[in-house]
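Colleague: Could you look at this predicted model? Sequence included:
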Amino acid sequence: MNSIIYRITGLMFLAVAITVFLLIYLANAQMTDLFQEYVTIQQMEVHHSIMTHMSPDFQEQTGMMGISEQNFLTSVHQSLIWVGIAILIVGLAASYALARSITTPLRKLSAAALEIERGNFAQKVPINSKDEVGSLALIFNRMAETLDSNNKLRQQFLANVAHELRTPLAVIQGHLEGMIDGIIEPTPKKLSSLHEEAVRLSRLIKDLKDLSLAEVRQLSLEVRDVNVNHTLEKTVYMLKPLADEKKITVKQNLMVGLPAITADADRISQIFYNLITNAIRYTSVGGCVTVSTELIQYAEQDWIKIGVADNGPGINEKDLPFIFDHFYRGDKSRDRKSGGSGLGLAIVKQLTEIHGGKVQVESVMGKGSLFCVLLPAKLMKKP
């Protein structure tokens, strides 16, 4: 009796039963009194002229119903009782049907939730109504789709992590085993190559750690006033050798008198480093990368807009929705050395959002790409 279907049916049937019993009781009581009054009035009108000459026994019988009147009342009472029973039966059936219309979708939701608990995330329940239960089913289906998508992303993420870690480890292990067996001579050049692989592996592990902490908003931040233009200039200067190697010109269009932002300077520098490195990497030899800043108004708030544009090959339109995903590379032919680990833009997105900002991308095939970072501005304190 703990099922909601029995409780709804019982409550509705109880309400119908009480209503029917009250109606029958009141109808019977009123009908008896009114019919008794009617019979009395009729007898008084018919025998009014002779009532004064009647005997006392006859006067006592005046106003009493005869057999035909009593039979009529009895038949009416029985009819009311049968009508009441019919209403109770119909009410019980209607109550049960209404309860089932509510509980059947809930049972399906419960069964689907149980499957999700077991790890089967590809669950959907039919939506047969537009009421609260239908709305709950719609929300449940969306939740199931999100869980299924997140589960697939998690599995893909773990597979990508295993692949990215296995490659440098295999290189280091193979060379070290060759040196131990005397097959490979441990020259300074080869040792330097192994050191580069170890540094790359260490950087990958650090990026994975920062990304995982940023996604759950557990990344520690040392917040202070940050001059965006100054930070960009330092980043561009640090990456100048990388740009010079490909004869790429890095232009700076920085707005003068730009307000400060309240942020972690190292994390903001990491955002700029990843964006500019990515632009240089995908720009052809002799190309151009433009770094710009400006103050804009958006949603009744001041924002600093940082743009990093290149004139590289651009990003395919079908790749744009996934460009900030973990380990995603639009050009599948690029290896880890030429195309990076695939975590740079994912880190940019997470670090930007953890600072309350937004990141956007625009790209045209054959003309280049523009990455924009919007960070909430804070007015400089007056001296």
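Modeller: Yep, that arrived.
Colleague: count of residues packed around the closest residue to residue 238 other than its chain neighbours?
Modeller: Distances taken as CB to CB, 6 or more residues apart in numbering place residue 273 nearest to residue 238, at 7.4 Å, with adjacent residues excluded. All C-beta spots, glycine's among them, are computed from the backbone N, C-alpha and C. Residues contacting residue 273 under the criterion other CB atoms under 10 Å number 19.
Colleague: I'd like the average pLDDT over the helix or strand in which residue 273 is found.
Modeller: Per DSSP states H and E: residue 273 is located in helix 265-281. Averaging pLDDT along helix 265-281 gives 89.
Colleague: Flag every buried residue along that helix.
Modeller: For helix 265-281, burial by neighbour count (16 or more other CB atoms under 10 Å) applies to 265, 267-281.
Colleague: which other helices and strands contact the helix or strand that it is followed by?
Modeller: Per DSSP H and E, the first helix or strand lying C-terminal to helix 265-281 is strand 288-298. Here strand 288-298 touches helix 228-238, strand 249-253, helix 265-281, strand 301-310, going by 3 or more CB pairs under 8 Å, 6 or more residues apart in numbering; DSSP states H and E.
Colleague: How far away from the center of its chain is the helix holding residue 273?
Modeller: Mean C-alpha position of helix 265-281 versus that of the full chain (CA atoms, centre = their mean, to the nearest Å) differs by 30 Å.
Colleague: can you check stretch 169-184 too?
Modeller: 49 Å.
Colleague: Using CSV, write out the CA atom coordinates for it.
Modeller: Output of stretch 169-184 as CSV, limited to C-alpha atoms (Å, rounded to 0.1, in the frame of the first residue of the first chain):
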residue,chain,number,x,y,z
LEU,A,169,57.6,7.2,-22.1
ALA,A,170,58.2,4.7,-24.9
VAL,A,171,60.8,7.0,-26.5
ILE,A,172,62.6,7.5,-23.2
GLN,A,173,62.4,3.8,-22.3
GLY,A,174,63.6,2.6,-25.7
HIS,A,175,66.6,4.9,-25.7
LEU,A,176,67.6,4.1,-22.1
GLU,A,177,67.3,0.4,-22.7
GLY,A,178,69.5,0.8,-25.8
MET,A,179,72.1,2.7,-23.9
ILE,A,180,72.1,0.1,-21.1
ASP,A,181,72.6,-2.7,-23.6
GLY,A,182,75.3,-0.8,-25.3
ILE,A,183,73.4,-0.5,-28.6
ILE,A,184,73.0,3.2,-28.5
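Colleague: any low-confidence regions in the stretch 251-383 of the chain?
Modeller: Scanning the stretch 251-383 of the chain for pLDDT under 70 picks out 326-342, 378-383.
Colleague: Give me the next element, helix or strand, following the longest helix seen in the chain.
Modeller: The longest helix of the chain (DSSP state H) is helix 67-117. Scanning forward in sequence from helix 67-117 by DSSP H and E, the next helix or strand is helix 132-180.
Colleague: Can you work out which other helices and strands pack against that following helix?
Modeller: Against helix 132-180 (3+ CB pairs under 8 Å, 6+ apart) you get helix 67-117, helix 188-215.
Colleague: To residue 181, which of those lies closest?
Modeller: helix 188-215 (14.2 Å; CB to CB).
Colleague: Tell me the gap between the closest one and the middle of its chain.
Modeller: Worked out by CA atoms, centre = their mean, helix 188-215 lies 34 Å from the chain centre.
Colleague: Next, the buried residues of the next helix or strand along the chain from that helix.
Modeller: Next along the chain after helix 188-215, taking DSSP H and E as the criterion, comes strand 223-226. For strand 223-226, the neighbour count (16+ other CB under 10 Å) marks residue 226 as buried.
Colleague: Using CSV, list the CA coordinates for strand 223-226.
Modeller: Output of strand 223-226 as CSV, limited to C-alpha atoms (Å, rounded to 0.1, in the frame of the first residue of the first chain):
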residue,chain,number,x,y,z
VAL,A,223,44.6,37.5,-7.3
ARG,A,224,45.9,41.0,-7.7
ASP,A,225,45.6,43.9,-10.1
VAL,A,226,47.0,42.9,-13.4
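Colleague: Give the buried residues for stretch 192-199.
Modeller: 194, 197.
Colleague: picking up where we left off before, so which elements touch the longest helix of the chain?
Modeller: Against helix 67-117 (3+ CB pairs under 8 Å, 6+ apart) you get helix 4-46, helix 132-180.
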